[in-house]
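*Asks:* The sequence and its predicted three-dimensional model are supplied below.
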Amino acid sequence: HESLSTLLVWSCCWTESMPRLYRMSMPRDFTYSDATVELESILGDVKHSGQTLKDLVSHGRDITKEQKKQWWKSRFELDARMHQLLERVDEQWLQSVSIHSVTKDRASKSLSNDC
């Protein structure tokens, strides 16, 4: 949602006695929608790249050295895009996380106070 200003993530681990609530303030210049659009674009390009290679191989064509070079170049570019996206998420979202331990009795109170 474009107007999302805070993302709450609830985490329950078997090794912890109490669940954790992660509160992330979302930056206005890099929204959840922005990240989703970029991730979907990257994943679409990954799928297309894989399909292109599959089509070449399945048609019994010999893949030229230049085609291999182009395919690998494209894959490295996709890796770089994913790396940039994850770095941006880490820098702008995850580094601003505040963690609150919450018991069942305090869960609703904490949610209303922290939002």
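*Replies:* Thanks, I have the structure now. For clarity, every value in this text was computed on a predicted model and none was experimentally measured.
*Asks:* drop to CA atoms for contacts and neighbour counts, all remaining ones
*Replies:* Noted.
*Asks:* buried ones in stretch 65-84?
*Replies:* 71, 75, 78, 81-82 (16 or more other Cα atoms under 10 Å).
*Asks:* so for that stretch, what's the average pLDDT?
*Replies:* Averaging pLDDT along stretch 65-84 yields 93.
*Asks:* Can you identify each of the strands in this structure by residue range?
*Replies:* 6-11, 20-25, 98-101 (DSSP state E).
*Asks:* mean pLDDT for those strands: which is lowest?
*Replies:* strand 98-101 (a mean of 54).
*Asks:* mind listing the helices for the protein?
*Replies:* For the chain, applying DSSP state H gives helices covering 32-58, 65-92, 107-114.
*Asks:* Which one of these lies nearest to P19?
*Replies:* For P19, the closest of those is helix 107-114, at 9.6 Å, according to Cα to Cα.
*Asks:* what's the distance between L56 and K68?
*Replies:* Separation of L56 from K68 (Cα to Cα, to the nearest Å): 11 Å.
*Asks:* should've said G50
*Replies:* In this view, G50 and K68 are 12 Å apart by Cα to Cα.
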